[in-house]
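K.L.:
sharing a model prediction with you, sequence too.
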Amino acid sequence: MKHYLIFLFSLLMVSSLMAEESISLEPIVVRAAKDESLAYNYTGSVEVITRDQIDHTPARDIAGLLKTIAGLQVYTRSDGSFVVDGRGFNNGAGNGSRVILLLNGMPLKNGDNGAMDWSLISLEEVETVEVIRGGTGTLYGDGAIAGVVNIITSDSQYPSSSSLKLSYGSFNTFGGLFSLNKRLQSGFYNLKFNYGSTSGSRRKSENETKNVKFTVAHFLNEKTEIEGNFHYGEAHYNFPTAITSEEIEKYTSRFEGAFPFKQNYNIFLFHGGLSHDYSPSAKVNLRLGYKDRKYDYDTGIGYNNHVLTFELQGMKKIKMAWLENRLFGGLELKKEEIFNPDVDTEGKVAGIYLKNDFEIGKLIILDVGYRFDQMENVYQGALSRHKKFHKMDSYHTGVLFKVYQGNSFYFNYARCFRIPSRDEIVQYEADWMTYRVTNISLNILSPEKADNYELGVRTRPADFMRLNAGLFYMKVKDEIFVENYINKNFDQIVHQGIESSAWIRPMDLAQMDLSYTYQDVFFSKGVYKDNQVPLSPENLFSASFSFFPHQGFIISHISRWRDKVYIVDDLRNEFSRIKSFWVSDVKLMYKNEKGRIEFSIYNIYNEDYSEWAGIKGGTDIGYFPSPRRNYELSGSLYF
């Protein structure tokens, strides 16, 4: 396998050197880089998924799309929600994702459990998905160890229009989205209503979501824009507990959902700001954000979460002969409060960052950056109070060499960190297969610290082909795992591997998207030395094929393969591994200027598989089975 990976990487380098200079590359902008870098000028691993690519996959939601991207791992939970992590990090308990989710540039990470509010976004609203893999702590600070996913919605991309989408599928699944977009002489506004409900692929796994969104923008003049985004959402989930492999075999359709617990939450979001272009080479952005999130479980655990953020950004370009210098920096302030009957938490963050790009003779880009964060966290329980201060540094340096237009090599190093989430500090002792709490205590943990090294290539050997590949090596100190139901720091974990992707469209009638990830994640010290990290697959592969037999018609097929993995918390590697699986989906679509109709079949070969499993009853393995074959029919109208 290692010889094959070296050969693949060498092949990409050779193809880059052989590429024709006449090839042109569209100027794709990566807004997740904050300074809106061009994708082919970014000194790291980056991927941009366009709306056209989204239409050419059978993915029904953000989770399905992210599962096809190299370097990301997505675990679907029993209620249909999901957690996302990258580069072999184990987020099996959902307590500490090392991937930052952004919605139009605003972080959506929850301070209580480090997870994301993925249910706020439907795939129909998405215009672009930007993925930056690896350490991005200089720009985003806490938690940006494995990467950033920035989801850009289509609020301002189109002229005045309205649309309505309705869908119905297996397990009594219904969805509806209404969107109204109005262009004005000096701005625009957008209003969206989104509803979804399902009985779930398992009994007692019903869920329902409702979202209302309003975006308004006004151009004060040619250089100044002000924008505001308002979002209210509700969700009601049932979480069935794990079942054994013997129980799975008993059910021919919907799996049993014993001992479910219910979660209800509502959320209000605001993010907006002002941007001003002083000149073509100087720009200032002011951004404000507020989040109010309330949720509760029928087990007695409940939260009320308030987050207030402020960010001031500035960019200046300086050009001198053969050297172009782009200086970018900012100040971030954040206050977060979490109220809970057991332990209240208050957190304050002040961060400052500076990033400088040097473009030398149009052939070399040198990128350096530094960030300093000062944090204070207070945990107040009924019987104890704990205050923790952190002063954390993040920094990076990278270099990119351009061979021909659209063909480049890069190398970078980044130092990042992650502060333990509230749910890792506040230790609930419970049977996590039935979610019944037995005791609560404060568990003081150290921040995770990661050194990340990357070497990669982006090449376009022909007009119909784009290839990307990168090697990464990461050492993580004090990585947090659950051992015997208690969160603990572990001395040093190694994450290493390769990420590769290809886009090929040799003719107008067909297109192919491929991705492959190899990762080797293991304990390099301590009692578990040389053991594999649980829930971290060694191999991930995705292949998507799209055919265009006639104008407006699209037939898409995607297959995903995931290697077998050790179950969550099996640090000793002593239990049977979750088996590997190969899952395929297909979609038939017809679209024109008035609308579209789609029919999708998911898990077409009716594979029995689970993405997540844990220890149940001390000796058994409890699985959360994924849905068997299911269907969806949807239609959209544009008016």
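P.N.:
Structure's in. What do you need?
K.L.:
distance from the chain centre to the helix or strand where residue 262 lies, please.
P.N.:
Assigned by DSSP states H and E, residue 262 belongs to strand 261-279. Mean-position distance between strand 261-279 and its chain equals 17 Å (CA atoms, centre = their mean, to the nearest Å).
K.L.:
ok, now stretch 378-397?
P.N.:
From the chain centre to the centre of stretch 378-397 is a distance of 25 Å (CA atoms, centre = their mean).
K.L.:
same check on stretch 477-495?
P.N.:
So, by CA atoms, centre = their mean, the centroid of stretch 477-495 is 22 Å from its chain's centroid.
K.L.:
now swap in stretch 487-502 and tell me
P.N.:
Relative to its chain's centre, stretch 487-502 lies at 16 Å (CA atoms, centre = their mean).
K.L.:
so who does residue 161 touch?
P.N.:
Taking CB atoms under 8 Å, 6 or more residues apart in numbering, we find residue 161 in contact with 181, 638-639. Placement of C-beta: from N, CA and C, glycine included.
K.L.:
from those residues, pick the one nearest residue 414.
P.N.:
Closest approach to residue 414 among these (CB to CB): residue 181, at 38.0 Å.
K.L.:
is that closest one in a bridge, and if so with what?
P.N.:
residue 161, residue 190 (DSSP bridges).
K.L.:
got a pLDDT number for it?
P.N.:
Note on residue 181: pLDDT of 86.
K.L.:
so how far is residue 639 from it?
P.N.:
Separation of residue 181 from residue 639 (CB to CB, to the nearest Å): 12 Å.
K.L.:
excluding chain neighbours, what is closest to residue 483?
P.N.:
Among residues not flanking residue 483 along the chain, residue 571 sits closest, at 6.0 Å (CB to CB, 6 or more residues apart in numbering).
K.L.:
may I have the phi/psi pair for the one you found?
P.N.:
Torsion angles at residue 571 (phi, psi; degrees, to the nearest 10) stand at phi -70, psi -20.
K.L.:
from what I see, it and residue 484 are in contact.
P.N.:
No - contact criterion CB atoms under 8 Å: residue 571 and residue 484 do not qualify, at 9.3 Å.
K.L.:
quick one: strands adjacent to the strand holding residue 262?
P.N.:
Assessed with DSSP bridges, strand 261-279 is paired to strand 224-239 (antiparallel), strand 282-297 (antiparallel).
K.L.:
of all those, which one is nearest residue 211?
P.N.:
strand 224-239 (4.3 Å).
K.L.:
residue 325: neighbour count?
P.N.:
Residues contacting residue 325 under the criterion other CB atoms under 10 Å number 15.
K.L.:
what's the burial count for residue 552?
P.N.:
By other CB under 10 Å, the residues close to residue 552 number 12.
K.L.:
now do residue 570
P.N.:
Neighbours around residue 570, by other CB under 10 Å: 23.
K.L.:
show me the contacts for it.
P.N.:
Going by CB under 8 Å, 6+ apart, the list of residues near residue 570 reads 534, 615.
K.L.:
find the helix or strand that the most centrally placed residue in the chain is a member of.
P.N.:
In the chain, the residue lying closest to the centroid (CA atoms, centre = their mean) is residue 149, at 4.4 Å. Assigned by DSSP H and E, residue 149 belongs to strand 147-153.
K.L.:
partners of that strand in the sheet?
P.N.:
Next to strand 147-153 in the sheet, as set by DSSP bridges, lie strand 99-103 (parallel), strand 126-133 (antiparallel).
K.L.:
CA atoms only for it - export them in PDB, please.
P.N.:
Provided in PDB are the C-alpha atoms of strand 147-153 (Å, rounded to 0.1, in the frame of the first residue of the first chain):
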ATOM      1  CA  GLY A 147      -9.600  21.800   9.000                       C
ATOM      2  CA  VAL A 148     -12.400  24.200   8.200                       C
ATOM      3  CA  VAL A 149     -15.700  23.600   6.200                       C
ATOM      4  CA  ASN A 150     -17.200  26.900   5.000                       C
ATOM      5  CA  ILE A 151     -20.700  26.600   3.600                       C
ATOM      6  CA  ILE A 152     -21.800  29.500   1.300                       C
ATOM      7  CA  THR A 153     -25.500  29.900   0.700                       C
END
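K.L.:
I'd say residue 505 and residue 544 touch.
P.N.:
No - the criterion here is CB under 8 Å, and residue 505 misses it with residue 544 at 11.9 Å.
K.L.:
between the two, who's got more neighbours?
P.N.:
Comparing residue 505 with residue 544 by neighbour count (other CB under 10 Å), the higher total belongs to residue 544, at 22 against 18.
K.L.:
read off the pLDDT value for the more buried one.
P.N.:
92.
K.L.:
OK, contacts around it?
P.N.:
For residue 544, the contact set (CB under 8 Å, 6+ apart) comprises 56-57, 68, 512-514, 556-559.
K.L.:
any low-confidence regions in the stretch 151-300 of the chain?
P.N.:
The model of the stretch 151-300 of the chain has pLDDT under 70 over residues 155-160, 249-261, 297-300.
K.L.:
and with 80 instead?
P.N.:
The model of the stretch 151-300 of the chain has pLDDT under 80 over residues 154-161, 202-204, 239-263, 295-300.
K.L.:
the residue nearest to residue 483 and residue 479: what is the separation?
P.N.:
Separation of residue 571 from residue 479 (CB to CB): 11 Å.
K.L.:
of the two, who's got more company?
P.N.:
The residue with more neighbours, out of residue 571 and residue 479, is residue 479; 25 against 22, by other CB under 10 Å.
K.L.:
for that one, which three-state class applies?
P.N.:
strand (DSSP: H, G, I helix; E, B strand; the rest coil).
K.L.:
same deal with residue 53?
P.N.:
At residue 53 the chain is in helix, as set by three-state DSSP.
K.L.:
report the contact partners of the closest residue to it other than its chain neighbours.
P.N.:
Closest residue to residue 53 apart from its sequence neighbours, by CB to CB, 6+ apart: residue 513 at 6.9 Å. Neighbour list for residue 513: 53, 56-57, 68, 501-504, 542-544 [criterion: CB under 8 Å, 6+ apart].
K.L.:
would you convert those into TSV that also reports distance to residue 551?
P.N.:
Converted to TSV, these look like this (distance: CB to CB, whole Å):
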residue	distance to residue 551
53	19
56	15
57	20
68	26
501	28
502	26
503	22
504	22
542	28
543	25
544	21
